[in-house]
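In: Fold the stuff below for me.
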Amino acid sequence: MKDDPKEEAHPSYVMVGLYRTSGGGSRNLFGSAIKHHPSTMRLRIVRAVRVLDEAHDRYYGRVSKEILEIEMSSTQFAELVTTPNVGSGVPATLRFFNGEQIEDPPKVMTETERMRVGFKDRVQNMVETSYKFAREIKDLTKSLGAKTKRQIDIKLGVMTDQIASNAPFFVDMFHEAADRVVMSAKIEIEAFAGHVLRATGIETIANGGLPKQLAESVGPVAADIIDAEEVKTDAED
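Out: Take a look at the predicted model:
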């Protein structure tokens, strides 16, 4: 007579699963430089039981007893599995812990957004400085003839007005153009990293094949990002 299967539970028993989510949209992920993610990776750990019967052992996860779930961008996941033993790891977003849903990370400005604000502040300071210098020049030229003084006043007025009116516009146009290049390139890298992970599998990653493929295929795209960021930095310096 066959014995009924027996369930065995223990605090150390867990099931771990890796899941790919898709659908795009805006996701606020800790440590990610972009807001739009075509797909993400989720690592889930749940309590598990071992079922013993005469044929073989089986293992089941208790989804209702979820211990931990984290979400990563495709790039973060690729970095996690290809760069072991580096620092404290890579950033990830905690979604569930001990069965409780965790609120989204706080919304913070990206590096690009912070650079834009800093750039605008510096331009505004330059505008204010130009008005200050214009006033000082007018004081220094009081002793000049009325005609010469009037010509200087006109030229100073045109110069300060041009700076005040056009500088903020050019700052916005420059950053919008650079953002389009950076955003497009980062999305392509995210999508390609997800494609490689699906196509090659964990075995290829473990054997070191993924870094080579990423370098060969993403290199030109990454170069666009570096060029755009360097142009921004040079402009601000």
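In: This structure: strands as residue ranges?
Out: Counting by DSSP state E, the chain has strands at residues 6-22, 39-52, 57-73, 93-97, 100-101.
In: Which stretch among the ones you listed approaches Thr148 most closely?
Out: Closest approach to Thr148 among these (C-beta to C-beta): strand 57-73, 63.3 Å. (Glycine included, C-beta is placed from N, CA and C.)
In: List the buried residues of that closest one.
Out: Buried positions in strand 57-73, judged by neighbour count with 16 or more other C-beta atoms under 10 Å: 61, 66-73.
In: try stretch 92-107
Out: Of the residues in stretch 92-107, 92-93, 95-96 count as buried by neighbour count, 16+ other C-beta under 10 Å.
In: closest to Asn166 out of the strands of the chain?
Out: Closest to Asn166 of the strands of the chain is strand 57-73 (C-beta to C-beta; 38.0 Å).
In: Direction-wise, compare the closest one with strand 6-22 and give the angle.
Out: Angle, strand 57-73 to strand 6-22, by axes from the mean of the first three to the mean of the last three C-alpha atoms, to 10 degrees: 30 degrees.
In: Now strand 57-73 - C-alpha only, PDB.
Out: Taking Å, rounded to 0.1, in the frame of the first residue of the first chain, the C-alpha atoms of strand 57-73 are listed here in PDB:
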ATOM      1  CA  ASP A  57      10.800  14.400  -3.500                       C
ATOM      2  CA  ARG A  58       9.000  17.500  -4.700                       C
ATOM      3  CA  TYR A  59       9.400  21.100  -3.700                       C
ATOM      4  CA  TYR A  60       6.800  23.800  -3.600                       C
ATOM      5  CA  GLY A  61       6.900  27.500  -2.900                       C
ATOM      6  CA  ARG A  62       4.200  29.100  -0.700                       C
ATOM      7  CA  VAL A  63       3.400  32.200  -2.700                       C
ATOM      8  CA  SER A  64       1.300  33.600   0.200                       C
ATOM      9  CA  LYS A  65       4.400  33.500   2.400                       C
ATOM     10  CA  GLU A  66       6.600  35.700   0.300                       C
ATOM     11  CA  ILE A  67       9.800  36.700   2.100                       C
ATOM     12  CA  LEU A  68      11.500  39.000  -0.300                       C
ATOM     13  CA  GLU A  69      11.100  40.400  -3.800                       C
ATOM     14  CA  ILE A  70      13.400  42.900  -5.500                       C
ATOM     15  CA  GLU A  71      13.200  44.600  -8.900                       C
ATOM     16  CA  MET A  72      16.100  45.600 -11.100                       C
ATOM     17  CA  SER A  73      16.500  47.100 -14.500                       C
END
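In: For that strand, name the packing helices and strands.
Out: If you count contacts as 3 or more C-beta pairs under 8 Å, 6 or more residues apart in numbering; DSSP states H and E, strand 57-73 packs onto strand 6-22, strand 39-52, strand 93-97.
In: what pairs with the longest one, and is each one parallel or antiparallel?
Out: Paired neighbours of strand 6-22 in the sheet (DSSP bridges): strand 39-52 (antiparallel).
In: how far off strand 93-97 does the strand it pairs with point, in degrees?
Out: Counting by the same axes, to 10 degrees, strand 39-52 lies at 30 degrees to strand 93-97.
In: ranges for the helices of the chain?
Out: Assigned by DSSP state H, the helices in the chain fall at 74-82, 111-140, 146-206, 209-236.
In: coming back round to it: now the helices and strands packed on strand 57-73 in CSV, with distance to Ser143 and mean pLDDT?
Out: Listed next are the helices and strands packed on strand 57-73 as CSV, based on distance: least, C-beta to C-beta, whole Å; pLDDT from 0 to 100:
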stretch, distance to Ser143, mean pLDDT
strand 6-22, 74, 89
strand 39-52, 70, 90
strand 93-97, 67, 93
